[in-house]
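S.K.: next comes the sequence, and after it the predicted model I'd like to discuss.
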Amino acid sequence: MSTAPMPGLRERKKQAARRSLAEAALRLALERGPDQLRVEDIAHEVGVSPRTFNNYFSSKEEAVCSFIVDQQERVREALLARPAHEPLWDAVITAAVERQVAEGTPRREDVWRIREMMHHAGLFGEMLRAHVTVERVLATAIAERAGDGANPLHARMLAGIVQSAARIAFHTWLNSDTAEGYLSAFTELLREAQAGMPALTAVAAHTAVADRSAAAS
């Protein structure tokens, strides 16, 4: 089992401040809509100055979407805490599902606001950037969990599968008429991916060999 060193007090305070700003940004965006959200409002909600806000985020859109990356950081921690003898893909699925259960699903009454936010150009672009960061964070954790000899391409593929499953499940839930369904859809997609994992792993390994051969020629 691999564990990351505990951050110091100063770093934990910075993480807490960033998290408070992110939570305030998302809450206010849901309440008012993204166009009515101002950096000054977010900072005031937490009791800091706009300058302090700018120490953590480059824009209000980044603050609103930062929960995506923060959630994946917690998946990373859960993955690295899984038993060392557990097969890699089982550990990835268990960590991802456990964290999703802990995070919970957004309130159903917020759905129309979330739909509106998904069509906001600034937020949509920031969400795409957040998803790229998320995949990189999880791929690094998977490679670390796999240990020596880990295939970086394989790690990126697994991370991409988890992220795609989360995104598809979320959009399916967002466009449904029921409050349930996100977690079950997420788990089902991951399990279906697991069933096809031997073939996917073979493809990744073949691609890696081809890339190395091309680089050597």
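M.R.: Here it is on my side, so go on. Here the structure is a predicted model, which means the values were calculated and not measured.

S.K.: now for the residue minimising distance to the centre of the chain: which residues touch it?
M.R.: Nearest to the mean C-alpha position of the chain, by C-alpha atoms, centre = their mean, lies residue 72 at 3.5 Å. By C-beta atoms under 8 Å, 6 or more residues apart in numbering, residue 72 lies in contact with 133, 134, 137, 138. C-beta here means a position set from N, CA and C on the backbone, and glycine is covered the same way.

S.K.: out of those, who's nearest residue 101?
M.R.: residue 138 (17.4 Å; C-beta to C-beta).

S.K.: give the rounded mean pLDDT of the biggest helix by length in the chain.
M.R.: In the chain, taking DSSP state H as the definition, the longest helix is helix 121-146. Averaged across helix 121-146, the pLDDT comes to 86.

S.K.: which of the residues in it are buried?
M.R.: 122-123, 126-127, 130-131, 134-135, 137-139, 141-143, 145-146 (16 or more other C-beta atoms under 10 Å).

S.K.: okay, now the unreliable bits of this protein?
M.R.: For the chain, applying pLDDT under 70 flags the ranges 1-7, 104-112, 177-182, 196-217.

S.K.: switch the cut-off to 50
M.R.: Within the chain, the segments meeting pLDDT under 50 span 1-2, 204-211.

S.K.: now do the strands in the protein.
M.R.: Counting by DSSP state E, the chain has no strands to list.

S.K.: just the CA trace of stretch 35-48, in CSV.
M.R.: Taking C-alpha atoms only, stretch 35-48 is exported to CSV below (Å, rounded to 0.1, in the frame of the first residue of the first chain):
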residue,chain,number,x,y,z
ASP,A,35,-23.5,35.5,-14.9
GLN,A,36,-24.5,37.1,-11.6
LEU,A,37,-21.5,35.7,-9.8
ARG,A,38,-18.6,38.1,-8.9
VAL,A,39,-15.2,37.4,-7.4
GLU,A,40,-16.0,40.0,-4.7
ASP,A,41,-19.1,38.0,-3.7
ILE,A,42,-17.1,34.8,-3.4
ALA,A,43,-14.4,36.5,-1.3
HIS,A,44,-16.9,38.2,0.9
GLU,A,45,-18.7,35.0,1.5
VAL,A,46,-15.6,33.5,3.0
GLY,A,47,-14.4,36.6,4.7
VAL,A,48,-11.3,37.3,2.6
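
S.K.: having no further points to raise, I will conclude here.
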